[in-house]
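Asker: test case, fold it:
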Amino acid sequence: MKQTRSLLLLATVIFAVAALAETIKGAAAANEGEKQQSTQSAPTLVSTVDREISAVEKQIVDVAEAMPEDKFNFSPESLNIPGSDYKGVRAFAVQLKHVATSNYYIWSHITGDKLPEGLGDDGNGPANLKRKAEIIKFLKDSFALGHKAAATLTTQNMLQAAENSKSTRLHLAEFGVAHAYDHYGQMVEYLRMNGIVPPASRGKSD
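Answerer: Numbers count the residues shown, from 1 in each chain. Here you go, the predicted model:
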């Protein structure tokens, strides 16, 4: 009888120890998972800059997609608004090509990539690009260079002067974003002048 009780007590102890071990193991695994998730979601220099490039890229590509192809050569100059001074301003298509061209000139200093042929020296991009689809492709390709540039940034090199530039790598990465937003604001007005609500404003109080 005593032997049976001893065996039952021993079995109970073993079961309790095993259960405790599983609980500790599960808690450790959960804690490790939380640590990994925290590490993965923690912002980094690269992810922060890359996210800013992605944000302005989406805004500008959406605006480009929203403008009908037959309006790609629109310029406010054609409206002849009394008292305005739009003479010589860039047409919508040229605005897009200017952003893309500037992206190449700015971010190539960081990546060291060779500039595409035919960019020209007037900032307006390749004169042979006229169709909506090819202009948007040119635009997207230029932002791909921006993502490549962001991926090269480290805390060690971000304040170093970029290749053939007096500006730091971080400044150039961010300047590309700021410059693109400047022209995004102009292109939003071009849409509205043609009765088109910008994609970012749709579904919101206008």
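Asker: check whether Tyr190 really touches Phe74, as I assumed.
Answerer: Yes. The pair Tyr190 and Phe74 qualifies as a contact (CB atoms under 8 Å) at a distance of 6.1 Å. From N, CA and C alone the C-beta is placed, and that goes for glycine too.
Asker: and the residue nearest the centre of this structure?
Answerer: The centre of the chain sits closest to Ser54, judged by CA atoms, centre = their mean, with a distance of 1.2 Å.
Asker: for that residue, give me its contacts.
Answerer: With contact taken as CB atoms under 8 Å, 6 or more residues apart in numbering, Ser54 is in contact with His147.
Asker: repeat that for Asn124.
Answerer: Counting by CB under 8 Å, 6+ apart, Asn124 makes contact with Arg90, Val94, Lys97, His98, Thr101.
Asker: let's see which of the residues you listed end up in strands.
Answerer: Judged by DSSP state E, strands contain none of the contacts of Asn124.
Asker: closest to Leu139 among those residues?
Answerer: Lys97 (7.8 Å; CB to CB).
Asker: now that closest one. Nearest residue, chain neighbours left out?
Answerer: Nearest residue to Lys97 in three dimensions, chain neighbours excluded: Gly125, at 3.0 Å (CB to CB, 6 or more residues apart in numbering).
Asker: tell me how many other residues surround that neighbour.
Answerer: Residues lying near Gly125 (other CB atoms under 10 Å) number 26.
Asker: going forward can the numbers begin at 46, since that is how I track them
Answerer: Right, with 46 as the first residue, what we last looked at is Gly170.
Asker: got the domain boundaries for this structure?
Answerer: For the chain, automatic domain parsing gives the domain ranges 46-87, 90-244.
Asker: which one of those domains has the lowest average pLDDT?
Answerer: When the domains of the chain are compared on mean pLDDT, domain 46-87 scores lowest, with a mean of 50.
Asker: tell me, how many residues neighbour Ile105?
Answerer: 24.
Asker: which strand or helix spans it?
Answerer: Using DSSP states H and E, Ile105 maps to helix 90-111.
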